[in-house]
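Quick one, what's the 3D model for this:
(one chain, ligands or ions: 1)
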Amino acid sequence: MPPPAPALTSPAGGGHATAAGPRTVIETNRLILREFSADDAPAVASIFEDEAARVFYPDMHRLSNAERWVRRNHERYSADGFGLWAIIWKATGAFAGDCGLMRQQVEGDEAIEVGYHVHVAFRGHGIATEAARACLDWGFAHVECARIVSMVHPGNHASRTVAGRVHTSARRFWRHGAHYYLFFTDAPGD
Ligand SMILES: CC(C)(COP(=O)(O)OP(=O)(O)OC[C@H]1O[C@@H](n2cnc3c(N)ncnc32)[C@H](O)[C@@H]1OP(=O)(O)O)[C@@H](O)C(=O)NCCC(=O)NCCS
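Take a look at the predicted model:
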């Protein structure tokens, strides 16, 4: 049985998944992951407004950057069939964050990364973990890839906790002049 739904609401509002709205890609016990709509940009910016998020994303609370983020993910949907998707908290229809899959370069090789960003009002309820696990399952079912990774700054303890739960393995690696953690899960049967 799913855990009871906290009465979470979204300060920034954001789009809602309706029959006529953006495409729903994944549904879990408590969450819908759907493609971004163009009017999600203020909700995306709001994910990065708090101090903890700004340590790792100093400029993403700016609306122009959030608009670019939404546009970039629409390009990913067209080119790859996947990207970051809006996380909708089913109990209220509120925009809780984003999670999804992206093509990335890891040590010179192409990799598929699962990424996640949750609004401060929704953190600590297992939302990133539930969404990322669902994205891994979706990725191995729909994307030809031997491995899905998450690259995490060593100072991002919340993200390390999530990645440690979602993935099966981890190692240190060098990125942008710093040691990061590379969490990874190999495709079932590989
Ligand atoms: C990382 C992030 C997505 C986690 O979202 P979330 O929905 O709160 O994640 P979950 O609830 O699934 O799990 C978080 C876990 O980390 C723990 N955690 C939170 N802050 C922590 C900290 N400073 N140190 C250690 N653990 C921490 C939580 O307690 C929770 O564990 P618990 O279930 O045992 O209590 C969220 O903090 C966030 O959006 N941060 C800003 C964006 C970001 O950094 N994204 C990741 C980029 S790699």
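
Flag every buried residue along the helix ranked longest in the chain.
Ranked by residue count under DSSP state H, the longest helix found in the chain is helix 63-80. Buried residues in helix 63-80, defined by neighbour count with 16 or more other CB atoms under 10 Å: 65-67, 69-70, 73, 76-77. C-betas here are computed from N, CA, C, even on glycine.

Quickly check: the very next helix or strand once past it near the ligand or not.
Going down the chain from helix 63-80, the next helix or strand is strand 84-89, by DSSP states H and E. No. Applying CB under 6 Å from any ligand atom, one finds strand 84-89 separated from the ligand by no less than 8.8 Å.

Sheet-wise, list the partners of strand 84-89 with their directions.
According to DSSP bridges, strand 84-89 forms sheet pairs with strand 31-34 (antiparallel), strand 94-106 (antiparallel).

Quick one: residues in contact with that strand.
Residues outside strand 84-89 that contact it (CB atoms under 8 Å, 6 or more residues apart in numbering) are 5, 8, 10, 14-17, 22, 25-26, 30-37, 40, 43, 69, 73, 76, 94-102, 115, 117-118, 122, 127, 131.

and what of stretch 100-118?
33, 47-48, 53, 57, 73, 76, 80, 82-85, 87, 96-99, 127-128, 131-132, 135-136, 138-139, 143, 145, 147-151, 159, 162, 166, 173, 182.

Is that stretch in proximity to the ligand?
Yes. With CB under 6 Å from any ligand atom as the criterion, the ligand is reached by stretch 100-118 at 116-118.

pretty sure Arg175 contacts Pro154?
No. Between Arg175 and Pro154 there is no contact, the gap being 10.6 Å when judged by CB atoms under 8 Å.
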